[in-house]
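# With the sequence up front, the predicted model follows.
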Number of protein chains: 2
Amino acid sequence: MYIVILAGGSGTRFWPLSRKSTPKQLMSVFGGKSMLQRTVERVLPLRPQRVLVVTNALQAAETRAQLEYLEGVPVDVIEEPVGRNTAPAIGLAASIIARFDPDGVMAVLPADHYILDEERFREVLEEGEKVAQTGVLVTLGITPTRPETGFGYIEALPQEGGGARSVVRFVEKPTLERALEFLQTGRFFWNSGMFIWQACTILDQISTLMPELSRSLARLAFERDVWELADLKPQIAEIYNEIRGESIDFGVMERAIGVQVIPASFGWSDVGSWSALPEVMEADEAGHVVIEGVGTVSVASSNCLGYARGKVVAFVGVQDLVVVDTPDALLVCAKDSAQDVKKVVEELEKNGRTDLL
Amino acid sequence: MYIVILAGGSGTRFWPLSRKSTPKQLMSVFGGKSMLQRTVERVLPLRPQRVLVVTNALQAAETRAQLEYLEGVPVDVIEEPVGRNTAPAIGLAASIIARFDPDGVMAVLPADHYILDEERFREVLEEGEKVAQTGVLVTLGITPTRPETGFGYIEALPQEGGGARSVVRFVEKPTLERALEFLQTGRFFWNSGMFIWQACTILDQISTLMPELSRSLARLAFERDVWELADLKPQIAEIYNEIRGESIDFGVMERAIGVQVIPASFGWSDVGSWSALPEVMEADEAGHVVIEGVGTVSVASSNCLGYARGKVVAFVGVQDLVVVDTPDALLVCAKDSAQDVKKVVEELEKNGRTDLL
């Protein structure tokens, strides 16, 4: 199996810890390894043939540096000159893999997701690999644990037992009322953004459903039959100049026929904002999670999240706050406003404070 | 006039910025000069004969260092081996002054108060000096601007016009209902902890009302007739070993006869906790006050106080918070819980985190 890791996200919602040059996937938000490093290490027991990490120019150096320590697995970093959403990134990776191994199965994984049960995760990937070898598009659908309104959903045909199911349709983020209905039917899954397919299968689908992108990608010419992706940089730059940004969901998945979804419940979070961290980290008895700190004092406080490297964090009379301390910026945020952290980034950009972005 | 500055406070309510070795009066919380330095500079235009700063052993070195830059005014630092509240500190200073100038008028001023109109403040001190020269105890009473329940009050006899008034009684911190009544009568003033009297006057009163303290202080023997207070250290240590802690309010003021209060309204705050700072500092249009920061971003937030040296502070969806960042500790506190910051200090003490105190 080939592993394609999408690592080009800009992650403004984790400001001030995430910056343009160190977005969420390059952060060691849980202490220790970064989310990208964890994503790669998570698949290594599957002995993948290659790991392709797609990122952008701004993050390429740090991405390479973070992957240098890996041994025994060939890792390639593919550098996009500019972000064009997921369809071009996946198409580019598929084009490269297909050049060497058209029938090769590739698993597409975001670099910034949290997975609790890694063993189960790998079993699901192997299950998906088998289904993908039959020439269909496979997506992983997370069995929902709450009526979440922040994710897209996948509706599948009802089926007894486990295993892959036929996808009926992809559904945009629902209202709470609809999300509750989805939860009750047992036929809806969270769209995880993780996919498994043969390189030739997705390229065929792109050819049918995104012909412009397909034509651009077809111009990718390999000089020789070795993995030397650095040589491709000028060609990739040219291709990216002419293609439009599009997500693989909208460009292919929502319109393709015969998509299969594998229900998965390995403990998953897309860690979409600061407020998602308490889901995946252990809280103390007052419900606080303090990351990288050296102690917590809580006086009449509960359910706060703190990030403060090497500091004691004291909460007094406060609830449901996020406090993030970095050397040049301090964020204080209500948990239910965590999505609005990106507005701070916009404000700083407007004020020319690029040093803080 | 002699100026006696009480600078031995421990100021746990400004943790984590204030520490045992740098309490509030030694902090430069408004940027620039410390509160002690401002307190001394504030009286210099009065050309005081001497300035006596009473502090404790832990803070003596930093106190001396902070006062070194002053020229043209003799400043003595009197080092208490241990804090014994205000009566011994004032008695000690009075004993020293009386040794050289028994009729000398001394103004007793806390080192950690904020005063807006310094010119008016000096006028009030000069007015108090004249009254004190008649041999009575004079206290400054702040004309209340709100029904504050956190201060003690002084009731004075009604009187037309300005000038000193006879004190009827001292009143403990009132309920809100009583504080409202006080405000309406126009006869009540906030007990500021600022006093003016001749050295011999207060020593007479201590002799009558606090005979034990008086006897201990009487043992202070001067070897020679010059200001060489360092020589007194062993004697002070002995005296402090045997005396009990007591406030000058309880020990003398509340029981003395013929006390005069001078109504004062020069813009005053005892800066009793973090939440008092916005009273004395200018807020931005969202009501935030950020000290030592390099910028503020506010998204759906209002009325927060931030202390973050060299950092941008971003508030998102929060109101009425206090956030204080220091190199080893981060405080997040609801404004109306600012008094509870001392509980954090107690908790750290209990856990043996003396490095943070």
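Noted; the coordinates are in hand. Note that the coordinates shown come from a computational prediction; the quantities given were computed from them, not determined experimentally.
# rest of the way, CA atoms for contacts and neighbours
OK.
# Pull the number of nearby residues for A:Leu232.
By other Cα atoms under 10 Å in any protein chain shown, the residues close to A:Leu232 number 16.
# In contact with it: list those residues for me.
A:Leu220, A:Phe222 (Cα atoms under 8 Å, 6 or more residues apart in numbering or on different chains).
# Secondary structure of it: a helix, I assume?
Yes: using DSSP: H, G, I helix; E, B strand; the rest coil, the secondary structure at A:Leu232 is a helix.
# how far away is it from chain B?
41 Å (Cα to the nearest Cα, to the nearest Å).
# In the stretch 101-250 of chain A, what residue comes closest to chain B?
A:Gly150 (18.9 Å; Cα to the nearest Cα).
# Run through the residues that contact that residue.
Counting by Cα under 8 Å, 6+ apart, A:Gly150 has contacts A:Lys173, A:Pro174.
# which secondary structure element contains it?
Secondary structure assignment for A:Gly150, by DSSP states H and E: no helix or strand.
# before we move on, what about A:Met194?
strand A:188-198.
# Show me what from chain A comes close to chain B.
For chain A, the contact set with chain B under Cα under 8 Å from any Cα of the partner chain comprises A:297-299, A:308, A:310-318, A:323, A:327-334, A:337-338, A:340-341, A:343-344, A:347-348.
# what residue ranges in chain A score low on pLDDT?
The model of chain A has pLDDT under 70 over residues A:30-31, A:223-226.
# Check which helices and strands the helix or strand that contains A:Arg178 is in contact with.
Element membership for A:Arg178, per DSSP H and E: helix A:176-185. On a contact count with 3 or more Cα pairs under 8 Å, 6 or more residues apart in numbering or on different chains; DSSP states H and E, helix A:176-185 meets no helix or strand.
# Among the residues of chain A next to chain B, which are located in helices?
Counting by DSSP state H, these place A:Val341, A:Lys343, A:Val344, A:Glu347, A:Leu348 in helices.
# Can you tell me which of these has the most neighbours?
Each of those was scored for neighbours by other Cα under 10 Å, and A:Val341 scores highest at 26 neighbours.
# and the residue of the stretch 151-300 of chain A found nearest chain B, what does it touch?
When scored by Cα to the nearest Cα, the stretch 151-300 of chain A has A:Val297 as its residue closest to chain B, at 6.5 Å. Counting by Cα under 8 Å, 6+ apart, A:Val297 touches A:Val312, A:Val313, A:Ala314, A:Phe315, B:Val344, B:Glu347, B:Leu348.
# again with A:Val77
A:Leu52, A:Val53, A:Val54, A:Thr55, A:Ala60, A:Thr63, A:Arg64.
# Just after the helix or strand containing it, pick out the following helix or strand.
Assigned by DSSP H and E, A:Val77 belongs to strand A:75-80. Next helix or strand after strand A:75-80 toward the C-terminus (DSSP H and E): helix A:86-100.
# hmm, who's touching stretch A:56-70?
Residues contacting stretch A:56-70 (Cα under 8 Å, 6+ apart): A:7-8, A:20-22, A:26, A:37, A:55, A:75, A:77-83.
# ok, of those, which one's closest to chain B?
A:Lys20 (16.9 Å).
# Assign the closest one to helix, strand or coil.
coil.
# Test my guess that A:Ile248 contacts A:Arg84.
No: with contacts counted by Cα atoms under 8 Å, A:Ile248 stays clear of A:Arg84, the gap being 10.7 Å.
# More neighbours: which of these two?
Taking other Cα under 10 Å, A:Ile248 and A:Arg84 do not tie; A:Ile248 has more neighbours (21 against 18).
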